[in-house]
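> Pasted the sequence and its predicted model underneath.
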Amino acid sequence: MTAIDADLRRGPFRVGDRVQLTDPKGRLHTITLEAGKEFHTHRGFLRHDDLLGLPDGSTISNTVGIEYLAIRPLLADYVMSMPRGAAVVYPKDAGQIVMMGDIFPGAVVVEAGVGSGALSMSLLRAVGESGRVHSFERRADFAVIAAANARAFFGADHPAWEVTVGDLVETLPGMIDPGTVDRVVLDMLAPWECLDVVADALIPGGLLICYVATATQLSRVAEAMRGHGGFTEPHAWESMVRDWHLEGLAVRPVHRMHGHTGFLITTRRLAPGVTPPLRKRRPGRGYEPEQAPDQQWSPEELGERVPSDKRVRRTARSIGDPPRLSEPAP
């Protein structure tokens with residue numbers, strides 16, 4: 001946890017704090033405390049002023065006697081309820097990226113793309129104020145929403161974060177010196193297009209981790225990593241999380257679970273001039289990248305839900321004063 005958001009996570013409730021209210025049926029409501037404001041449901045309301053000064057983890061009753069648990073939301077809670085333009089990286093995948101990507105305090109991390117900022121906040125938590133996270137996003141409206149979400153969570157613009165609007169391949173070489181990046185995290189449609197610039201930016205032994213949605217993308221990026229010649233043999237996996245119902249002797253898995261959200265694949269940067277050892281394996285079938293070297297990938301072709309421009313504009317308007325973003329030099 002960084003110094004700028006540590007105070008927001010401790011102490012009694014204050015004006016501007018986000019509070020998660022849980023009703024007797026387990027339904028969650030997240031509010032931002034404001035003096036004189038009220039939280040209404042179809043069964044009564046409670047006053048924000050009654051929450052101010054209470055310790056974290058308190059209970060409070062509304063005007064008809066319904067009791068709520070009031071507690072500060074965790075980062076995992078926040079990213080699932082924050083305003084969004086693009087789809088968020090789920091907490092289960094963000095946790096895998098931070099751990100399996102070995103994101104450490106003081107690390108220099110490059111991220112593309114930003115989406116709604118969910119993964120960016122986990123990366124910033126991991127690198128701390130002594131590290132750096134350079135995030136690249138092609139869409140300015142997504143970058144504005146992501147920066148606003150991070151500001152709302154940390155309480156200020158994070159000193160270790162720089163968001164640049166632009167294409168990673170075009171902008172990264174002019175902003176980062178070669179061989180100075182510890183980790184690269186790619187959450188994009190065609191990460192194989194970035195391997196050359198990523199290889200130049202990474203230190204020897206540096207790690208690249210990609211998040212892709214489909215098996216088609218996974219196969220293509222894995223073969224591109226092998227064909228590049230400057231990376232170790234890639235490793236791929238996915239994670240699935242299943243909650244459990246706990247009530248007396250009725251202990252069983254819940255009927256719904258967080259199944260497939262995406263694949264993760266990692267590889268390490270070899271030292272300059274080093275070629276990976278020849279790996280003995282059966283040749284793969286059916287993959288012929290030369291047949292379509294210029295194939296264009298779109299979110300629709302991969303089955304992703306693309307937010308409408310109207311929805312993104314509405315989300316951007318709701319955040320108020322837009323944060324300052326970086327633009328690449330011409």
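Perfect, thanks for sending it.
> now the residue of the chain positioned farthest from its centre: how far from H42?
Outermost residue of the chain with respect to the C-alpha centroid, by C-alpha atoms, centre = their mean, is V64; its distance is 39.1 Å. With distances taken as C-beta to C-beta, to the nearest Å, V64 is found 10 Å from H42. C-beta: built from backbone N, CA, C; applies to glycine.
> Same check on R72?
From R72 over to H42 (counting by C-beta to C-beta), the distance is 26 Å.
> Kindly report the same for V197.
54 Å.
> Also W237?
Distance, W237 to H42, using C-beta to C-beta: 44 Å.
> do L28 as well
16 Å.
> P277 now?
In this structure, P277 and H42 are 66 Å apart, going by C-beta to C-beta.
> ok, now L278?
67 Å.
> cool, G95 as well?
In this structure, G95 lies at 36 Å from H42, with C-beta to C-beta as the measure.
> Settle it for me: which of the two has more neighbours?
G95 (15 against 4; other C-beta atoms under 10 Å).
> element containing the residue most central in space within the chain, please.
What sits nearest the mean C-alpha location of the chain, by C-alpha atoms, centre = their mean, is L119, with 1.5 Å. Mapping L119 onto the secondary structure by DSSP states H and E places it in helix 118-127.
> again, but for M80
For M80, the element it lies in under DSSP H and E is helix 75-81.
> Please apply the same query to Q20.
Applying DSSP H and E as the criterion places Q20 in strand 18-22.
> can you give me the mean pLDDT across that strand?
Mean pLDDT, strand 18-22: 93.
> That strand: partners in the sheet, and parallel or antiparallel?
With DSSP bridges as the criterion, the sheet partners recorded for strand 18-22 are strand 28-32 (antiparallel), strand 67-71 (antiparallel).
> so which of the ones you listed is the most packed in?
Mean neighbour counts were compared across those using mean count of other C-beta atoms under 10 Å; the top stretch is strand 67-71, at a mean of 17.
> where along the stretch 51-200 of the chain do the helices fall?
Assigned helices in the stretch 51-200 of the chain, in chain order: 75-81, 91-100, 118-127, 140-154, 168-175, 195-201 (criterion: DSSP state H, counting those that start in this stretch).
> Quick check: buried residues in the helix or strand just after the last one?
Just to be clear, that refers to helix 195-201. Once the chain leaves helix 195-201, the next helix or strand it forms, by DSSP H and E, is strand 202-212. Of the residues in strand 202-212, those buried by neighbour count under the rule 16 or more other C-beta atoms under 10 Å are L202, G206, L207, L208, I209, C210, Y211, V212.
> Low-confidence regions, the chain specifically.
Low-confidence segments of the chain, defined by pLDDT under 70, are located at 1-7, 280-306, 320-324, 327-330.
> hmm, try it at 50
Along the chain, no part satisfies pLDDT under 50.
> which ones are touching V254?
Shown in contact with V254 (C-beta atoms under 8 Å, 6 or more residues apart in numbering): R242, D243, W244, H245.
> wait, doesn't the second one sit right on G259?
No: using C-beta atoms under 8 Å, D243 makes no contact with G259, being 12.0 Å away.
> okay, now the nearest residue to P307 once chain neighbours are set aside: neighbour count?
Nearest non-adjacent residue to P307, counting by C-beta to C-beta, 6 or more residues apart in numbering: G85, 5.8 Å away. Around G85 there are 26 other residues, counting by other C-beta under 10 Å.
> for L74, same thing?
Around L74 sit 12 other residues, with neighbours defined as other C-beta under 10 Å.
> How about the residue farthest from the centre of the chain, nearest residue that isn't a chain neighbour?
The spatially closest residue to V64, leaving aside those adjacent along the chain, is G44, at 3.7 Å (C-beta to C-beta, 6+ apart).
> can you check E34 too?
Nearest-residue entry for E34: H48, 5.7 Å, with adjacent residues in sequence omitted and distances by C-beta to C-beta, 6+ apart.
> Give me the distance between the one you found and L33.
For H48, the distance to L33 (C-beta to C-beta) stands at 5 Å.
> Columns distance to R125 on top of the buried residues of strand 202-212, output as CSV?
Formatted as CSV, the entries for the buried residues of strand 202-212 read as follows, by distance: C-beta to C-beta, whole Å:
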residue, distance to R125
L202, 22
G206, 20
L207, 18
L208, 21
I209, 16
C210, 21
Y211, 17
V212, 23
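> Let me know the closest of those to P12.
If you rank these by distance to P12 using C-beta to C-beta, Y211 comes first, at 38.1 Å.
> isn't the closest one right next to T266, touching?
No: Y211 is beyond contact range of T266, at 10.5 Å (criterion: C-beta under 8 Å).
> now for the helix holding M80, which elements pack on it?
Using 3 or more C-beta pairs under 8 Å, 6 or more residues apart in numbering; DSSP states H and E as the contact test, the elements touching helix 75-81 are strand 28-32, helix 91-100, helix 118-127, helix 140-154.
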